[in-house]
Every structure is written in structure tokens, then in C-alpha cells.
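**Student:** sequence and predicted structure, then a few things I'm wondering about:
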Amino acid sequence: MKQHEEVIKVLEENGGWATLGFLYHKVDTSGWKTKTPFATIRRIVQDERFFFKMKAGLWALKSHKEQLLEKFELEVSTKKEQDFSHSYFQGLLIEIGNLKGYHTYIPPQDKNKLFLDRKLGSVSSLDQILDFTYPEVIKRAKTVDVIWFNERKFPHAFFEVEHTTDIQNSLLKFNDLQDFYSKFYILSASERKREFEQKITYTSFKNIRDRVSFIDYDFVVNLHTKSFELAKIGQL
């Protein structure tokens, strides 16, 4: 079987689509005469004769294009694409956290939202937020889009996915959680970095200014891909 046929086979078995990380994990490259199988997979999926790009880091079979766009409600309405993007990047963050060995959490209202064809609640490792502090602080923390908890059951990192909503709202959440030795991240399109840089300078956020990082979609997609790559290498 040719290399591109191996990739097609895995995609077909997965319904016609997959993240790069999934392909790294599932495609059998043991018989490939290459020292860089992951780079080869990246090259293969860019062959427009057989594949197309659904979303950053998400590839699919061209033969399934119409079916998949309808299934994931893409190119239907701006609102549905926004919902897809928000839950998609929540899912990527959760999978990265899982691979890194963290306990992963999403808010109750997001559990039934879809990360591709799975409910987000089935991807995260926690059914509910860990009881790591006072009830009033827990109430605030449980609205954060994604939380990674460490082995001591304290929050290691908080993530807010800001596709279109006001970044300032997320900064206010982080401000309320500043007393924890945690990392804070705003995830959004690279075009919104200037907005973040402007708002983080507000006096209200002086205590967290050096603790909040802006990360864009491409960064998370690449981190997701690399995390699966490292996990695969670790099994050799």
C-alpha cells in the first residue's frame, strides 16, 4: 500500500476526517522508508487531489467534503461556525492537557457541545470542578473555558477561548483568580493580539499583567500536533 493510501485508509476508518495528531497516532508508518514519517504525513495531506483542510490542524478526504461540511455545519452560518471553532479549540486544549498528564475540566454548560463528533464532556477527564478553594471562588473558576489541574489537584492553567467575545471579560475572571499560582491564557485569532495588549495595560489588571499570555489558534494547533508526535515517539 502506498503512503498516501495508508493515510486515506485511516481517514476512511475515522469517518473521513482527522486531526494531524490523530493521524500521527494511527497511521502505520513502520514500513515507510523515511526518517521523518510525521513530515511525510504533513506533506501527504496537502495533496489537493485527495484531501482538503477543514480547519487549522483538521484534514479530511476530498471525496467526503460535501458530507462533512454538512455534518459539522460549516459554511452554513457564521454563528454555527463560531460555535464549532469555540468547541474545537476547547477540545484541542483538553487533549493537550490529557497528554501532558493534567486533570482537565470544562464548564457544565459546555459538556454537550461537540468536539468534532464527540461531546466535550467525554474528552475532559473531570466530571466536575475540583474543590480546591472557597465556594465563592470555585463558582467563578467553574465558568472558565478550560482548566488544567495538576496532580495535587490545584489549577495549573486557566484558558479562555475568545473567538468573538470581549477579551476584557476573560481578564476580569483571571483577575479574580490571581491569588493562585496558576498560568492564565487568552486564546484567540492572531488579529486580536493588539486588542489584548491594549486591555491588559488597564490599571485594573496591573496585578496579573505579567501572568497572562496571549496564544493564537495556530500555536495551539501546532502544540496539539507536537504533543501527539511526542506521545507516539515515547511509545517506541
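**Tutor:** Good, I have the coordinates.

**Student:** please count neighbours and contacts with C-alpha atoms only from this point.
**Tutor:** OK.

**Student:** helices of the protein, start to end?
**Tutor:** 3-13, 20-26, 37-44, 65-71, 78-99, 120-123, 135-141, 167-176, 193-199, 217-234 (DSSP state H).

**Student:** Y185: which of the ones you listed is closest?
**Tutor:** For Y185, the closest of the helices of the chain is helix 167-176, at 9.0 Å, according to C-alpha to C-alpha.

**Student:** report all helices and strands that the closest one contacts.
**Tutor:** Helix 167-176 sits against helix 135-141, strand 183-188, helix 193-199, with contacts defined as 3 or more C-alpha pairs under 8 Å, 6 or more residues apart in numbering; DSSP states H and E.

**Student:** state the mean pLDDT of it.
**Tutor:** The average pLDDT for helix 167-176 rounds to 97.

**Student:** list the buried residues of that helix.
**Tutor:** 167-168, 170-171, 173-175 (16 or more other C-alpha atoms under 10 Å).

**Student:** enumerate every residue touching L68.
**Tutor:** L68 sits next to G16 when contact means C-alpha atoms under 8 Å, 6 or more residues apart in numbering.

**Student:** re the thing from before, please identify the deepest-packed of the helices and strands packed on helix 167-176.
**Tutor:** When the helices and strands packed on helix 167-176 are scored by mean count of other C-alpha atoms under 10 Å, the highest mean neighbour count falls to strand 183-188 (a mean of 22).

**Student:** roughly how far out does it sit from the chain middle?
**Tutor:** On the basis of C-alpha atoms, centre = their mean, to the nearest Å, strand 183-188 sits 12 Å off its chain's mean C-alpha point.

**Student:** okay, and the helix or strand of this protein with the least pLDDT?
**Tutor:** helix 78-99 (a mean of 84; mean pLDDT, DSSP states H and E).

**Student:** what angle do it and strand 183-188 make?
**Tutor:** Here helix 78-99 runs at an angle of 150 degrees relative to strand 183-188 (axes from the mean of the first three to the mean of the last three C-alpha atoms, to 10 degrees).

**Student:** tell me what helix 78-99 is packed against?
**Tutor:** Using 3+ C-alpha pairs under 8 Å, 6+ apart: helix 78-99 touches strand 103-105, strand 114-115, helix 120-123, strand 146-149, strand 155-161, helix 217-234.

**Student:** mean confidence (pLDDT) on stretch 30-49, please.
**Tutor:** The pLDDT scores in stretch 30-49 average 93.

**Student:** would TSV of the buried residues of helix 167-176 with distance to E160 be doable?
**Tutor:** TSV is the format used below for the buried residues of helix 167-176 (distance: C-alpha to C-alpha, whole Å):
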residue	distance to E160
I167	9
Q168	11
S170	6
L171	9
K173	9
F174	9
N175	13
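
**Student:** ok, now which ones touch the residue nearest the centre of the chain?
**Tutor:** The centre of the chain sits closest to L92, judged by C-alpha atoms, centre = their mean, with a distance of 2.0 Å. L92 makes contact with 220-221, 224 under the criterion C-alpha under 8 Å, 6+ apart.

**Student:** repeat that for 10 Å
**Tutor:** L92 is in contact with 19, 57, 98, 115, 123, 220-221, 223-225, counting by C-alpha atoms under 10 Å, 6 or more residues apart in numbering.

**Student:** T203 now?
**Tutor:** Residues in contact with T203 (C-alpha under 10 Å, 6+ apart) are R209.

**Student:** now do it against F174, distance only.
**Tutor:** Applying C-alpha to C-alpha, to the nearest Å, the value for T203 to F174 is 14 Å.

**Student:** with Y102 instead?
**Tutor:** 20 Å.

**Student:** do the same with L11
**Tutor:** In terms of C-alpha to C-alpha, L11 sits 39 Å off from F174.

**Student:** now swap in Y202 and tell me
**Tutor:** 14 Å.
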